[in-house]
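[1] Using only what follows, build the 3D model:
(chains A and B)
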Amino acid sequence: MIYIDLFLGFLKVGCFAFGGAYAAIPLIRDVVLSYGWVTDETLTYMIAVSEMTPGPIMVNLATYVGRSQSGFLGAFIATFAVVFPAFLIMLLCMFVFSALMKNRCFNSVINTSKPCVIGLILAVGIFMTAEAFFDLKVDGGFDPKALFITVLLAASAFLPPVFGKKKISPIALIVVSAFLGIVVYSV
Amino acid sequence: MRTIFDLLLTFMKIGFFTFGGGYAMLSVIEDNCVEKKKWITHDDMMNVTVIAESTPGPIAINCATFIGYRQAGILGSIAATVGIVLPSFAVILIISGFLDNFLEMEVVKSAFRGIKCAVGILIVSAAVTMIKKMKKKPFPIAVMVLSALAMLVTDLFSLGFSAITIIVFAALLGLSVFAVKRIRERRA
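    I've put the predicted structure just below:
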């Protein structure tokens, strides 16, 4: 049943998404693709929409995927499932926080999980960047226009900090990319 | 009751006006709850951030739960959490309804083809920020690189391996490092 699947799927995301929204994207992708709820393409749109709308990206994505599968109730169940573990774990942590941070066993688990999560985020980022202009899974179809946009965006995202300038905000980058898309693909 | 209502409204405001996810939200939460409302101290805020980073789930939810609980117990934590989730839930619900037709338009399709290029870059850039903050020691860097490679290989060859499996492996590795250290200490 779809409601139970949505609940379990997003509960899994809520339980394992350490380190914020971007860390959750690999997990959400896994869950969503394995259940076959949406395609990789649609998920990319959903991530972009979640970036552009207010609130935690994970919550936005859960609401969005849930709604696309089974309307309001689906959205509600997915959102509840993604939020509940964080809520519960935080409440438990409030009682044992100081003791937990001194616990060496807990610390050594955190010490390897954190870099692992960073590695996963990096990998998914690289994969999704490449996939924007290169169809990696099917037949290696290549889109030079998308490569052009990607190079421009990457330059504006990564070059300013090198020269000591302020980083471009995610929202600004998305607005610019939408504009570039319209210009490049309409010509 | 007044505190509960205040928590709900304040966190709804935070939820409605912060774009760009958890890390962007932290500064807004600090501004509202530490500077203006003085619900928690700056030190508390730093502690919450550490817990939020090392526990699963959206960071903003962790913060809301913590601050709500400090102010008004379980009921307060529920009010703050519901408050921060409600705006994004409502906005997505409304937007996703008409987005399906919206996506059929040619201009919108072109715009989204551009946006598709940006999302990957944003994720890489988030990872780069995290790598900069990471401890520059060989062991964590090795774990990071190996996890990245494992994920890339999984993605490229569509293996039935999940991100969660890789995290569990890393956690087990942490546990065994701890166990080895303990055994060595006992012998010494």
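[2] What residue spans form the domains of chain B?
    B:2-102, B:134-188 (automatic domain parsing).
[3] and the residue lying closest to residue A:24 once chain neighbours are set aside, backbone torsions?
    Of all residues not flanking residue A:24 in the chain, residue A:17 sits nearest, at 3.7 Å (Cβ to Cβ, 6 or more residues apart in numbering or on different chains). No exception for glycine: its C-beta is placed from N, CA and C like everyone else's. Per-residue torsions, residue A:17: phi -80, psi 80 (degrees, to the nearest 10).
[4] Pick the most deeply packed of the domains of chain B.
    domain B:2-102 (a mean of 20; mean count of other Cβ atoms under 10 Å in any protein chain shown).
[5] Is any residue of the helix or strand hosting residue A:73 near chain B?
    Using DSSP states H and E, residue A:73 sits within helix A:57-102. Yes: Helix A:57-102 lies within reach of chain B by Cβ under 8 Å from any Cβ of the partner chain, at A:57-60, A:63-64, A:67-68, A:72, A:75-76, A:79, A:82-83, A:85-87, A:89-91, A:93-94, A:97, A:101.
[6] where along chain A do the helices fall?
    For chain A, applying DSSP state H gives helices covering A:2-16, A:21-35, A:40-52, A:57-102, A:104-133, A:144-162, A:170-186.
[7] what angle sits between the fifth one and helix A:57-102?
    This means helix A:104-133. Orientation of helix A:104-133 against helix A:57-102 (axes from the mean of the first three to the mean of the last three Cα atoms, to 10 degrees) gives an angle of 160 degrees.
[8] what's helix A:104-133 packed up against?
    helix A:21-35, helix A:144-162, helix B:42-54, helix B:106-133, helix B:138-156, helix B:163-187 (3 or more Cβ pairs under 8 Å, 6 or more residues apart in numbering or on different chains; DSSP states H and E).
[9] chain center to it: distance?
    Relative to its parent chain, helix A:104-133 has a centroid offset of 12 Å by Cα atoms, centre = their mean, to the nearest Å.
[10] Now that helix: buried residues?
    By neighbour count with 16 or more other Cβ atoms under 10 Å in any protein chain shown, helix A:104-133 contains the buried residues A:106, A:108-133.
[11] tell me the angle it makes with helix A:2-16.
    120 degrees.
[12] who touches residue B:60 in this structure?
    By Cβ atoms under 8 Å, 6 or more residues apart in numbering or on different chains, the residues touching residue B:60 are A:55-56, B:14-15, B:18, B:22, B:25-26, B:29, B:84.
[13] nearest spatial neighbour of the residue positioned nearest the centre of chain A, skipping sequence neighbours?
    The centre of chain A sits closest to residue A:25, judged by Cα atoms, centre = their mean, with a distance of 2.7 Å. In this structure, residue A:25 finds its nearest non-sequential neighbour in residue A:124, 5.9 Å apart by Cβ to Cβ, 6+ apart.
[14] just residue B:41 next, same as before
    residue B:34 (6.9 Å).
[15] Touching, the one you found and residue B:48? I think so.
    No: counting by Cβ atoms under 8 Å, residue B:34 sits too far from residue B:48 to count as a contact (10.3 Å).
[16] So which of the contacts of residue B:60 are in strands?
    If you go by DSSP state E, these have nothing in strands.
[17] rewinding a little: tell me which of the helices of chain A lies nearest to residue B:7.
    Of all those, it is helix A:57-102 that lies closest to residue B:7, at 14.0 Å by Cβ to Cβ.
[18] So which elements touch that closest one?
    So helix A:57-102, by 3+ Cβ pairs under 8 Å, 6+ apart, packs with helix A:2-16, helix A:21-35, helix A:40-52, helix B:42-54, helix B:59-102.
[19] next one: it to chain centre, how far?
    15 Å.
[20] got the angle between it and helix B:42-54?
    110 degrees.
[21] ok, back up a step: any common contacting residues for residue B:34 and residue B:48?
    What both residue B:34 and residue B:48 touch, as defined by Cβ under 8 Å, 6+ apart, is the set residue B:40.
[22] quick one: low-confidence ranges for the chain?
    The chain I'm using is chain A. A:19-21, A:97-98, A:101, A:136-140 (pLDDT under 70).
[23] You answered for a different chain; I wanted chain B.
    Using pLDDT under 70, chain B drops low at B:19-24, B:100, B:103, B:159-161.
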